[in-house]
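>>> below is the sequence, then the predicted model.
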Amino acid sequence: MSNLLETHSVSKKFGDFTALNNASITVPEGSIFGLLGPNGAGKTTLIRIINQITMPDTGHVLLDGQPLQPHHIKDIGYLPEERGLYKSMKVGEQALYLAQLKGMQKAEAKKRLLQWFERLEIGDWWNKKIQELSKGMAQKIQFVVTVLHEPKLLIFDEPFSGFDPINANIIKDEILRLKNEGATVIFSTHRMESVEELCDHIALINKSNKILEGKLTDIKRQYKTNTYEVGLNANNHNIVEQALADKFSISKAHFKTIGDELKLNIKLSKEESANNLLQYLTTQGQVSHFVELIPSANDIFIQTIKNN
Amino acid sequence: MNHLPLIIKREYFTKVRNKSFIIMTFLSPLIMIGLVLLVAYLSQINNNDVKTISILDESGLVKGFFEDSETKKYHILDNVTLENAKTISAEKEYYGLLHIEQFSDLESLSKHISFYSEESPSQSLISSLESTIAKELTNIKMKRDNIDLQKIENSKITVTVNQENFNGEKTSKVDGYTKIAIGVATGYLLFMFIIIYGNMIMRSVIEEKTSRIIEVIISSVKPVQLMLGKIIGTSLAGVTQFTIWVIVGGALMFILPLVLGIDMSQMQTPQQQMVEQAMAGQNGSIEVQDILLAIQSLPLVNLIIAFLLFFISGYLLYSSLYAAIGAAVDNETDTQQFMMPIIMPLILAVYVGGFTVIEDPHGTVSTIFSFIPFTSPVVMLMRIPFGVPIWQQIVSLLILIGTFTFTVWFAAKIYRVGILMYGKKPSYKELIKWIKY
């Protein structure tokens, strides 16, 4: 799998403030790439550099192996976090204008717009003004305009904000459909559940530095602590807990069940295997729950930022 | 990719289709013409009002010399006391009472003339009374001193200075006034254009910021392109509006008086009358022919080319600054602190143009201000009808073009950074910092 986008040691300063420090990311073709980080970390600056809105002080960006050029804007679709439309312009007219700015021919743009409007069931909005639409409706138009020119690279900054759950789902499905059709997606968000659900690669930026990057599964593997969540029905909880504490490092666990079994987190060292633990547990009582603790994107996010 | 035509088109059509723009375009000339006609109508009513003035001339020297006119009637009172005369005047609702006391000595008499009235009289009336009395008393005094009036009358000589420049072209006072009129008109036109459409550009930039569409747009086009597109599109809308104003205004000026039966020639302000009298001199009134001749004698080709070049450059200079202001702030109320430095040189230019240039079109002050880029478009446009050497025009234009290249670059910098800045109102220091981003 080749890389659609690479940034190499990209830095940007605004006066004395360093917005981005030597940030290098690699976005594989056909992936959904989560760009994560706290507020003010430098995500938007990086995205703006990729969009050629801001020029980097040092470093360079490769799209499809070529240094960024003005003509690349038609290969990128960008949905900024701060987004809006001309309030007093009609929906259709406005969408056509924005499509033409991305280099599309008017007739082609109109054909595709009508298809999209039909699929999203918003066809009768064509002659409405934006100010007559609700925020969610305007966001839908904005989404269509972003993807209309079928760019190779889609950049979404908080795409689901402003959508109700139903519409958020529609948009999510559309993003997945675009991915299946070959688009690469960069996805910047604070909503970790959507990262978990959509992203296969992530990069984490904190205080203008990239501190983590890779395949989400690899990162999870790297961050897991070999800890198992265990539920055990025994005759005497205290005795069993004492026995386990002697052999392993344990701590209290909290998860929901319907019984009142003993709930523990058991951390294994590298030499110990899960099978051995399970065998031992079966000698102590009835095992009702046995799960390896895989860190969620949220856990990784919080932990990395705290340690940094 | 060049999106400039696309942006210009959008800016133009959004402006032109905007309801308030359309209303303003067609309503403004109506309101303007309506006001003019109202003034004409009112002054007509005012003139129709005949004032009757009673005269109590105890000396009996001048009472025969007051002639009734369309607006003034004189009523001579005889053999009454001043108190009675006042009562009569008040009862008959005369406008006022002129009282001349009895003195054999003309010097003393001239100091004992009074005017009584209900309300304070108009200055023009008093001066007309004064001049009539003064003229007659002077004649009487001269007669008493045995001076032959006829001789004095015959020895009066009127002078008209023929004006001609070194190249042998004849000029006249009419020429002078035509030049002033054209210079002032073009200068003010530019001034108005900058103020009206500069503001429109600024608002349009602020609108893009507040609607948050700006980032979507500049991910497709360069900010400089967007800014220039905005300036050009808005200006074209402005030219359209101006053209409609001129056409509609002209048509209304022509049609309405016919319909309403108002005589426009009645509507003359005292200043206009004075100017006309001064222009007319001893030779009677000025003819339309004279004005046409005066216009023909102007450097017309030079005037038109210079007008276009200075107008466009001057307008670009200021409108780019307006765009930069729009980009630097979040809403219109924050624009005040940045507006001052733009408005000041403009007003200065109009003042210099309106006073100094008319007084002495080639004096030091006029010449200097016609080279300073922020005032040169207005001042130079006012000077050119008086004939400015081509080299001066070219140098001034080059300075102007150099400056507007700089301001467009500067504005683009501010614009590029400013359009993505939200929240706080920037200071001048921060604006300077933005240039380095």
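Happy to help now that I have it.

>>> so how far is chain A from B:Leu129?
According to C-beta to the nearest C-beta, to the nearest Å, B:Leu129 stands 63 Å off from chain A. Bear in mind the C-beta positions are built from the backbone N, C-alpha and C, glycine included.

>>> isn't that residue right next to B:Phe115, touching?
Yes. Using C-beta atoms under 8 Å, B:Leu129 makes contact with B:Phe115 at a distance of 7.0 Å.

>>> can you tell me how far B:Gly229 is from A:Val10?
Distance, B:Gly229 to A:Val10, by C-beta to C-beta, to the nearest Å: 30 Å.

>>> I meant to write A:Phe248 there.
From A:Phe248 over to A:Val10 the distance is 46 Å, taken as C-beta to C-beta.

>>> who has more neighbours, those two?
Legend: neighbour count by other C-beta atoms under 10 Å in any protein chain shown for A:Phe248 and A:Val10, higher for A:Val10 (23 against 18).

>>> tell me which element the more buried one falls in.
Applying DSSP states H and E as the criterion places A:Val10 in strand A:3-14.

>>> tell me the buried residues in that strand?
For strand A:3-14, a neighbour-count test (16 or more other C-beta atoms under 10 Å in any protein chain shown) marks A:Asn3, A:Leu4, A:Leu5, A:Glu6, A:Thr7, A:His8, A:Val10, A:Ser11, A:Lys12, A:Lys13, A:Phe14 as buried.

>>> so which of those also contact chain B?
Contacts with chain B within the buried residues of strand A:3-14, as defined by C-beta under 8 Å from any C-beta of the partner chain: A:Phe14.

>>> going by distance to chain B, which of the buried residues of strand A:3-14 wins?
A:Phe14 (5.7 Å; C-beta to the nearest C-beta).

>>> got a pLDDT number for that closest one?
Note on A:Phe14: pLDDT of 82.

>>> how about the residues of the stretch 1-150 of chain B by chain A?
So the stretch 1-150 of chain B meets chain A at B:Met1, B:His3, B:Leu6, B:Ile7, B:Arg10, B:Thr14, B:Asn18 (C-beta under 8 Å from any C-beta).

>>> can you flag the buried ones in those?
With burial judged by 16+ other C-beta under 10 Å, the buried subset of those is B:His3, B:Leu6, B:Ile7, B:Arg10, B:Thr14.

>>> the third one contacts B:Thr234, correct?
Going back to what we said before, that points to B:Ile7. No. Using C-beta under 8 Å, B:Ile7 is not in contact with B:Thr234, being 10.9 Å away.

>>> okay, now the residue of the stretch 201-350 of chain B at minimum distance from chain A: neighbour count?
When scored by C-beta to the nearest C-beta, the stretch 201-350 of chain B has B:Arg212 as its residue closest to chain A, at 3.2 Å. For B:Arg212, the count of nearby residues is 15 (other C-beta under 10 Å).

>>> where is the longest helix in chain A?
helix A:165-180 (DSSP state H).

>>> so what strands line up beside the helix or strand that that helix is followed by?
Using DSSP H and E, the helix or strand that follows helix A:165-180 in sequence is strand A:184-188. Note on strand A:184-188: by DSSP bridges, its sheet partners are strand A:32-36 (parallel), strand A:153-157 (parallel).

>>> so which of those is the most packed in?
Sort the strands paired with strand A:184-188 by mean neighbour count, taking mean count of other C-beta atoms under 10 Å in any protein chain shown, and strand A:32-36 sits at the top with a mean of 25.

>>> ok, then the element right after that strand?
Downstream of strand A:32-36, the first helix or strand assigned by DSSP H and E is helix A:43-50.

>>> just how off-centre is that next one within its chain?
On the basis of C-alpha atoms, centre = their mean, to the nearest Å, helix A:43-50 sits 15 Å off its chain's mean C-alpha point.

>>> again, but for stretch B:244-263
Using C-alpha atoms, centre = their mean, the offset of stretch B:244-263 from its chain centre is 20 Å.

>>> next one: stretch A:229-237
On C-alpha atoms, centre = their mean, the centre of stretch A:229-237 falls 38 Å from the chain's centre.

>>> contacts for it, please.
With C-beta atoms under 8 Å, 6 or more residues apart in numbering or on different chains as the test, stretch A:229-237 has contacts from A:240, A:253, A:255, A:257, A:259, A:261-266, A:281, A:284-293.

>>> which ones among those are found in helices?
A:Val240, A:Leu281, A:Gln284.

>>> of all these, which comes closest to chain B?
Within the ones in helices among the contacts of stretch A:229-237, proximity to chain B (C-beta to the nearest C-beta) peaks at A:Leu281, which comes in at 55.7 Å.

>>> strands along the stretch 201-308 of chain A, start to end?
A:201-206, A:209-215, A:227-233, A:249-252, A:262-267, A:286-292 (DSSP state E, counting those that start in this stretch).

>>> pop the domain breakdown of the chain in here.
Defaulting to chain A. Domain ranges of chain A: A:3-221, A:225-292, per automatic domain parsing.

>>> other chain: chain B
According to automatic domain parsing, the ranges for chain B are B:49-151, B:171-259+B:284-436.

>>> deepest in the core, which of those domains is it.
domain B:171-259+B:284-436 (a mean of 19).

>>> how far off centre is it?
17 Å.

>>> near chain B, which residues of the stretch 101-250 of chain A show up?
Residues of the stretch 101-250 of chain A lying close to chain B by C-beta under 8 Å from any C-beta are A:Leu101, A:Lys102, A:Gly103, A:Gln142, A:Val145.

>>> hmm, which of these are the buried ones?
A:Leu101, A:Lys102, A:Gln142, A:Val145.

>>> mind putting those into JSON lines with secondary structure?
What follows is those, written out as JSON lines (DSSP: H, G, I helix; E, B strand; the rest coil):
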{"residue": "A:Leu101", "secondary structure": "helix"}
{"residue": "A:Lys102", "secondary structure": "coil"}
{"residue": "A:Gln142", "secondary structure": "helix"}
{"residue": "A:Val145", "secondary structure": "helix"}
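
>>> of all these, which comes closest to A:Asp157?
Each of those was checked against A:Asp157 using C-beta to C-beta; the closest is A:Gln142, at 11.4 Å.

>>> contacts only, for the closest residue to the closest one other than its chain neighbours.
Spatial nearest neighbour of A:Gln142, chain neighbours left out: A:Arg83 (5.6 Å); criterion: C-beta to C-beta, 6 or more residues apart in numbering or on different chains. A:Arg83 is in contact with A:Gln139, A:Gln142, B:Arg212, B:Ile213, B:Glu215, B:Val216, counting by C-beta under 8 Å, 6+ apart.

>>> farthest pair within the residues of the stretch 101-250 of chain A next to chain B?
A:Gly103 and A:Gln142 (18.5 Å).

>>> point me to the residue of chain A nearest chain B.
A:Gly84 (3.2 Å).

>>> which non-adjacent residue is nearest that residue?
In space, A:Gly84 is closest to B:Arg212, 3.2 Å off (C-beta to C-beta, 6+ apart).

>>> what's the spacing between that neighbour and A:Leu114?
Relative to A:Leu114, B:Arg212 is positioned 26 Å away (C-beta to C-beta).

>>> and what of A:Thr26?
Shown here: A:Thr26 relative to A:Leu114, a distance of 37 Å by C-beta to C-beta.

>>> between the two, which is the more surrounded one?
A:Thr26 (17 against 13).

>>> now the common contact residues for B:Leu129 and B:Phe115.
Going by C-beta under 8 Å, 6+ apart, residues that sit against B:Leu129 and also against B:Phe115 are B:Leu98.

>>> quick check: pLDDT value at the residue lying closest to A:Gly103 once chain neighbours are set aside.
Of all residues not flanking A:Gly103 in the chain, A:Lys74 sits nearest, at 4.2 Å (C-beta to C-beta, 6+ apart). On the pLDDT scale, A:Lys74 is placed at 88.
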